[in-house]
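Peer 1: got a predicted structure plus its sequence, pasted below:
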Protein chains: 2
Amino acid sequence: MKLTILGCNGALPAYGRFPSSQILDLGMELFLIDCGEGAQLQMGAYSVKPSRINNIFISHLHGDHYFGLVGFINSQGLLGRTKEMHIYATAKLKDIIAIQTDWPLPFEIIYHDLQDGVSEILIDNPKFQVRCFPLDHSVPTHGFLFTKKGRLRSLLPDKIQEFEIPKYFYSQLAEGKDYTKQDGTIVLNCEVTQSGKGNKTFAYCSDTGYFEDVLAAIFDVDTLYHEATYLENELDKAIARKHATAKQAATIAKKANAKKLIIGHYSSKYKSIDEHLIEAKEIFDNTELGVQGQVYEL
Amino acid sequence: MKLTILGCNGALPAYGRFPSSQILDLGMELFLIDCGEGAQLQMGAYSVKPSRINNIFISHLHGDHYFGLVGFINSQGLLGRTKEMHIYATAKLKDIIAIQTDWPLPFEIIYHDLQDGVSEILIDNPKFQVRCFPLDHSVPTHGFLFTKKGRLRSLLPDKIQEFEIPKYFYSQLAEGKDYTKQDGTIVLNCEVTQSGKGNKTFAYCSDTGYFEDVLAAIFDVDTLYHEATYLENELDKAIARKHATAKQAATIAKKANAKKLIIGHYSSKYKSIDEHLIEAKEIFDNTELGVQGQVYEL
């Protein structure tokens, strides 16, 4: 998995920092997580191919997390997209999109309503799983846990060629199946594959106050993206606005036994975000700053 | 007057070119003309102060001309704006903004509905006048003619000091009035002022097909911004989509007896727009390319 940050500033764009939007690259396809204003322009800037996005996850209906979505949808329509698009969000988003896309879009949008306060599996297939869980913010808000399943076996190119396995069977090989030749000979799966790698997980928690209830959902996560709108010396403001400090984000990462933390959603009051990194690292050393345009190998 | 182009690409953003949005600087305040996605980010990039914008003109409700407006409004609210904001647009925009700004904005938005097919004066005061007029596009669309009135006289700083004219009377001096001192002495206007410059006009025509009906509204205009989505070799496409070619834009400028033409709203199919300039200049020599980030002295 790879994560490309299109924007990770807080409610007000500032210092060239765009609002929240990320691309999670699962190899087979791209997930779009939040879609603040300008996301489609950032995709252009960072060579993200919009047509590969089929699933969009919107954490909550504050504008800095969704104002770019209608532009993205509109452009996909103008480009003649026919493939359906799945959007996971609070129900009201459907009306917001509908009132702004009153021309006949050439593709179908399938809305999946996120229920306030509910944790549930949104997608589950042999390749990946996506779960949502509640966060603590001023409007109904969800975090997301993305799991790329690693049970698939890796194919051995030389062996596949040697045993003349046809291409159409590769995905079944990856799932562990044996191959039966036309003459009845069976090629054992272990002869042409080797163990795949384990599951990889990524959790997205933005926006939220300090909220230990998320620990159950994200425990042992490989990479956690957690908002860090403020520094700890603005804790009062963070509490009042249901946002987190860099220290709090790091504390959640530590308690969740995360392997790595990426912070973001910086307030527009900070020109430099170096202090956020220092503060977080004091609690959880393996922290990185979320930086727009940067690609993170997960 | 100065014009700053925040974006002037067509429906699909491409090659880093943002959708339509311009700032007309009248000295006393800024007008925002169209507000495509990312306009508020472009204001940051080009040092435009959003709080100076009190009047917004939206030509029509295609997303590339208004998807950035709700983000701009939202940000002004977060920044604590209290001054009212006037928006001139097709009536439906009110509902589109309302559904996305359901928190109590600290300022009032005053909507002025543009009527389909109607030409009328929107603002008229001693300093400037704004008129809208119909364009020919696939949805109700208006162009705008902005006039900065030049009848005001220029004050002579030395003389004003010599005759001890109080500050509160400066605007009346500019309007040509004489000043009566407390002892009854009259200071003639011509003693403390000199002739002001003439009217300056700017017309905005986007989006539209080739439409000679606009000539009456914009005749003798100083600077015309006219869309030039396509080159003439794509005339069929321009006609079908009710857009104009560079040649057509230049023809309108010539027939309108404009002093200067700026073209824009380029289709995403063109990486380079040099050909647009060449084509327009063949008809109307004083043409400039609309380029994002560029400031035009009008």
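Peer 2: Good, I have the coordinates. Just so we're clear, the structure is a prediction, and the values are computed from it rather than from any experiment.
Peer 1: alpha carbons only for contacts and neighbour counts from here, please
Peer 2: OK.
Peer 1: in stretch A:77-84, what counts as buried?
Peer 2: A:Gly77, A:Arg81 (16 or more other CA atoms under 10 Å in any protein chain shown).
Peer 1: relative to its centre, which residue of chain A is most distant?
Peer 2: A:Asp183 (46.0 Å; CA atoms, centre = their mean).
Peer 1: helix, strand or coil: sort out it for me.
Peer 2: At A:Asp183 the chain is in coil, as set by DSSP: H, G, I helix; E, B strand; the rest coil.
Peer 1: low-confidence ranges, the stretch 51-200 of chain A, go.
Peer 2: Applying pLDDT under 70 to the stretch 51-200 of chain A flags the ranges A:151.
Peer 1: now for the residue in it that chain B sits nearest to: which residues touch it?
Peer 2: Closest to chain B within the stretch 51-200 of chain A is A:Ser75: 6.0 Å, counting by CA to the nearest CA. By CA atoms under 8 Å, 6 or more residues apart in numbering or on different chains, the contact set of A:Ser75 is B:Ala11, B:Leu12.
Peer 1: what ranges do the helices span in the stretch 51-200 of chain A?
Peer 2: For the stretch 51-200 of chain A, the helices defined by DSSP state H, counting those that start in this stretch occupy A:69-78, A:93-100, A:157-162, A:170-174, A:189-192.
Peer 1: single out the most deeply packed of the ones you listed.
Peer 2: Among the helices of the stretch 51-200 of chain A, the stretch with the highest mean neighbour count (mean count of other CA atoms under 10 Å in any protein chain shown) is helix A:69-78, at a mean of 21.
Peer 1: what backbone torsions are found at A:Asn9?
Peer 2: The phi and psi values for A:Asn9, taken as degrees, to the nearest 10, are phi -90, psi 170.
Peer 1: can you tell me the closest non-neighbouring residue to A:Asp124?
Peer 2: Taking CA to CA, 6 or more residues apart in numbering or on different chains as the measure, A:Asp124 lies nearest to A:Val130, with 6.5 Å between them; neighbours along the chain are not counted.
Peer 1: quickly note the distance from that neighbour to B:Glu275.
Peer 2: Distance of A:Val130 to B:Glu275, given as CA to CA, to the nearest Å: 48 Å.
Peer 1: can you get me a residue count around A:Gln194?
Peer 2: Counted with other CA atoms under 10 Å in any protein chain shown, the neighbours of A:Gln194 add up to 15.
Peer 1: residues touching the nearest residue to it once chain neighbours are set aside, list them.
Peer 2: Using CA to CA, 6+ apart and skipping residues adjacent in sequence, the residue nearest A:Gln194 is A:Ser154, 5.3 Å away. Under the criterion of CA under 8 Å, 6+ apart, the neighbours of A:Ser154 are A:Ala174, A:Thr193, A:Gln194, A:Ser195, A:Gly196.
Peer 1: which ones are touching the residue of chain A found nearest chain B?
Peer 2: The nearest approach of chain A to chain B comes at A:Gly38, 5.2 Å away (CA to the nearest CA). Shown in contact with A:Gly38 (CA under 8 Å, 6+ apart): A:Phe18, A:Pro19, A:Gly68, B:Glu37, B:Gly38.
Peer 1: again, but for A:Val192
Peer 2: A:Leu155, A:Leu156, A:Pro157, A:Lys159, A:Ile160.
Peer 1: list the contacts for the last one?
Peer 2: To tie it back to what came earlier, the one meant is A:Ile160. With contact taken as CA under 8 Å, 6+ apart, A:Ile160 is in contact with A:Val192.
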